[in-house]
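Peer 1: A structural model of the following input is requested.
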Amino acid sequence: MSVFAKASVSRSVRAVITGVAMVGVSALLLTGCSSNSAAPTASDKPAASGDAKAIKAGDRKLTLKVGTILPQSGALAFLGPPEEAGVALAVKDINDAKLGLTIEPVYRDSGDTTTDTATVSVTDLLSQKVTAIIGAASSGVSKTVIDQITGAGVVQFSPANTSADFTKYPDKGLYWRTAPSDLLQGEVLGNKIAEDGNSTLGLIVLNDSYGTGLADSTTKAFEAAGGKVVAKSLFNEGDSNFAAQIAEVTAAKPDAIALITFDQAKVITPALVGTGYPGKKLYFVDGNLSDYSKDFAPGLITGAKGTLPGLDVGTLGDFTTRLKSINPTLTDYSYAAESYDAVVLIALAAYAANDVKGQSIADYLRQVSGGTGKGTKVKDFKSGAAGIAKGKQIDYDGFSGPVTFDENGDPTEATIGVYEYKADNTYKRIN
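Peer 2: Numbering: from 1, shown residues only. As a prediction, the model looks like this:
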């Protein structure tokens, strides 16, 4: 079954969900461095449409210094390699285009919320005069540094933050993301669990903005579809023993259990199945949907399902092959496309502004995404920059799909994939 749903709320979110069977739902309810060039002034015939800013035609000569705070350590370290590969591939493509914009990347670790790694990394990056920072992956980590980054007039652009809290955060217009809010993922997950015939649900949840937010939206969707959440047990980042949470949730005898965690799932899952709970009745989320072939006994979670924002990487041509040319060890591509697109959008915004200052980039990010301007569709940096050099408005759609920003820096279109685990504990897309 294929469902294409539109939602209209304060953020005007449009969701495109391919192949997800929805239960009783007809619509998703989401209720540098330096530059030798100055910011552009209107040309004789600037490209302008509606509330879009004018774009000055002409060549550029820009150097853009971009930092990253992606997880090289901590509970989301499995996401670091694909995200950093996505950044590195975008930097290569942009620099290889030789269109007058050169990116100088600086890679740093974000760690997780049990350390101050992200703060140390951001302090270092700001001292190096970056004007945009990609990351963090964790919503909780981003909350610890967003004021530091945006307060310095630097763009923060996350490829993986999904907490709804960022939508109205007072970020001076400098925070952006290519990942959709958990309001959407929770809607899909809750309905998928109900669609699979489960009447009751237990939740084991990371106690941070990501975990509790996604748990709330999943609960709302599942119960709207006629189910009942019979148990929810929280744990904190840094905890290593989850016996109490497992005992609390299994005591309620739920038909299914959703694990809304990060890599704590590596410990929770075998312990949970060890109590006799069937692995096929587990549901995973973007924070823990991973290749467990080296972690779990064969067949442990055969038939378990999970959700992950993003297009099916199998439909993206040679994108994964090119990512592996950056990092040959990659086996997981979660948020690689979103990371790639974050870099390209920042570069296109700088190119449109003819300036690499953080505020100048932010001023054009919505526009180059197609949120304003009614521009011509482009699918890579080279064609987008070529159009901008001619004074034209553009609308970038990348490997993560259509990225059309609203006034809050949120994407207004998104795709949520549903995956199922095979006997070898790797997963495949089923929608």
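Peer 1: can you give me the offset of the helix or strand harbouring residue 388 from its chain's centre?
Peer 2: Under the criterion of DSSP states H and E, residue 388 resides in helix 381-389. Here helix 381-389 is found 25 Å from its chain centre; the criterion is CA atoms, centre = their mean, to the nearest Å.
Peer 1: what's it packed up against?
Peer 2: helix 80-97, helix 336-353, strand 376-378, strand 394-398 (3 or more CB pairs under 8 Å, 6 or more residues apart in numbering; DSSP states H and E). (Each C-beta comes from the backbone N, C-alpha and C, glycine too.)
Peer 1: Would you mark the buried spots in the second one?
Peer 2: By that I understand helix 336-353. Neighbour-count burial for helix 336-353 flags 336-353 (criterion: 16 or more other CB atoms under 10 Å).
Peer 1: where along the stretch 101-250 of the chain do the strands fall?
Peer 2: 101-109, 132-135, 155-158, 175-177, 200-206, 228-235 (DSSP state E, counting those that start in this stretch).
Peer 1: where exactly do the helices run in the stretch 151-300 of the chain?
Peer 2: 182-195, 209-224, 243-251, 265-274 (DSSP state H, counting those that start in this stretch).
Peer 1: If you average the pLDDT over the longest one, what comes out?
Peer 2: Which is helix 209-224. For helix 209-224, the mean pLDDT works out to 97.
Peer 1: Would you mark the buried spots in it?
Peer 2: Buried residues in helix 209-224 (16+ other CB under 10 Å): 209-222, 224.
Peer 1: do the same with stretch 166-182
Peer 2: Quick answer for stretch 166-182 (16+ other CB under 10 Å): 166-167, 169, 171, 173-182.
Peer 1: Which single one of those residues is nearest to residue 416?
Peer 2: Among those, residue 180 lies closest to residue 416 (CB to CB), at 7.5 Å.
Peer 1: pLDDT value on that closest one, please?
Peer 2: The model's pLDDT for residue 180 equals 92.
Peer 1: Could you find the closest non-adjacent residue to it?
Peer 2: Leaving aside its sequence neighbours, residue 180 sits nearest to residue 414 (CB to CB, 6 or more residues apart in numbering; 3.5 Å).
Peer 1: what about the one you found, distance to residue 158?
Peer 2: Residue 414 sits 14 Å away from residue 158, going by CB to CB, to the nearest Å.
Peer 1: The two: which has the busier surroundings?
Peer 2: Legend: neighbour count by other CB atoms under 10 Å for residue 414 and residue 158, higher for residue 158 (31 against 28).
Peer 1: who touches the residue lying closest to that one once chain neighbours are set aside in this structure?
Peer 2: Nearest residue to residue 158, sequence neighbours excluded (CB to CB, 6+ apart): residue 177, at 4.5 Å. Residues near residue 177 by CB atoms under 8 Å, 6 or more residues apart in numbering: 157, 158, 159, 160, 161, 166, 409, 410, 411.
Peer 1: go on, residue 283?
Peer 2: Under the criterion of CB under 8 Å, 6+ apart, the neighbours of residue 283 are 189, 192, 193, 256, 257, 258, 259, 304, 305, 306, 307.
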